[in-house]
Each structure stands twice: as structure tokens, then as C-alpha cells.
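Undergrad: Model the structure of this input:
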Amino acid sequence: MNFEQQNKERYTLVKVLVEKLDASVSPELKAIFLLLNKNTENNIILDFSKAKYCDSSGLSAILIGNRLCKDSGGILVLAGLQPNVKKLIEISQLDKVLAISNKVEDAVARI
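TA: Residues are numbered from 1 along each chain as shown. This next block holds a predicted model:
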């Protein structure tokens, strides 16, 4: 199990349970986003506190989730980014596109 889902009243919390969000696990994250979107759950917090690495396929999955949430009037918030992942997002200039919070609690306040 690479991810854990918790459905809350106003949002769904998706926790990344692996250290590497790469090509071997990112299809599962995309599937989670698609399923949540199909169930009209459009406010998602993605808890990255355990993930220390993310590659381009991981970023692609995040961008798909972001687009699905925005297109349905919701928001995807990334929380608990580790330094390497945060650096990758900043280098890719995705910090201007994605909603990012330091902690899950801060992300909840944005929804």
C-alpha cells in the first residue's frame, strides 16, 4: 500500500506512504485522483511528509490531480514537502501553479 486515504467532511486527505514518488507508484496516485474526481470529491490535501523523492512521473500525477480539482471547482493542496521535493517543485516553477502548505493543518485552513 503506497497511499492512504481519509475522507473528511470538507476534503479528502491522501497520504504518501512511500519515500519515492516515482514511475512505479505514480500511476496509483493518478488512479486515486481520478476516482476521487469521479466521486465529486474535489478538495484534496496531499500529505508528502514521508516522501523524500519525486520524479517527473510523480510531478505529472500531481499536476493531473491539480487539474481535476480545479476543473471541478476545488483545490489540491500539497503539505509537508520534504526539502528535496520542495526544491524540485521550485526548480520546475510549479510552486507558482500548485497550492503548497507547510503542514496538513495549514492546508485545511486553505480549503
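Undergrad: drop to CA atoms for contacts and neighbour counts, all remaining ones
TA: Will do.
Undergrad: Show me which helix runs longest in this protein.
TA: Ranked by residue count and defined by DSSP state H, the top helix of the chain is helix 56-71.
Undergrad: what about residue 95, how many residues close to it?
TA: Neighbouring residues of residue 95 were enumerated by other C-alpha atoms under 10 Å; the total is 14.
Undergrad: Quick one: classify it as helix, strand or coil.
TA: helix (DSSP: H, G, I helix; E, B strand; the rest coil).
Undergrad: isn't it right up against residue 85?
TA: No: in this structure residue 95 lies outside contact range of residue 85 using C-alpha atoms under 8 Å: 11.1 Å.
Undergrad: next one: the helix or strand following the longest helix of the chain to chain centre, how far?
TA: Beyond helix 56-71 in the direction of the C-terminus, DSSP states H and E gives the next helix or strand as strand 75-79. The gap between the average C-alpha position of strand 75-79 and the chain average comes to 6 Å, counting by C-alpha atoms, centre = their mean, to the nearest Å.
Undergrad: try stretch 76-86
TA: For stretch 76-86, the gap between its own C-alpha mean and the chain's C-alpha mean amounts to 8 Å (C-alpha atoms, centre = their mean).
Undergrad: What mean pLDDT does it get?
TA: Mean pLDDT, taken over the full extent of stretch 76-86, equals 96.
Undergrad: Name the residues of it that are buried.
TA: Within stretch 76-86, the residues that qualify as buried by neighbour count (16 or more other C-alpha atoms under 10 Å) are 76, 77, 78, 79, 80, 81, 82, 85, 86.
Undergrad: Run through who's touching that stretch.
TA: Residues lying outside stretch 76-86 but in contact with it, judged by C-alpha atoms under 8 Å, 6 or more residues apart in numbering, are 42-54, 65-66, 69-70, 98-104, 107.
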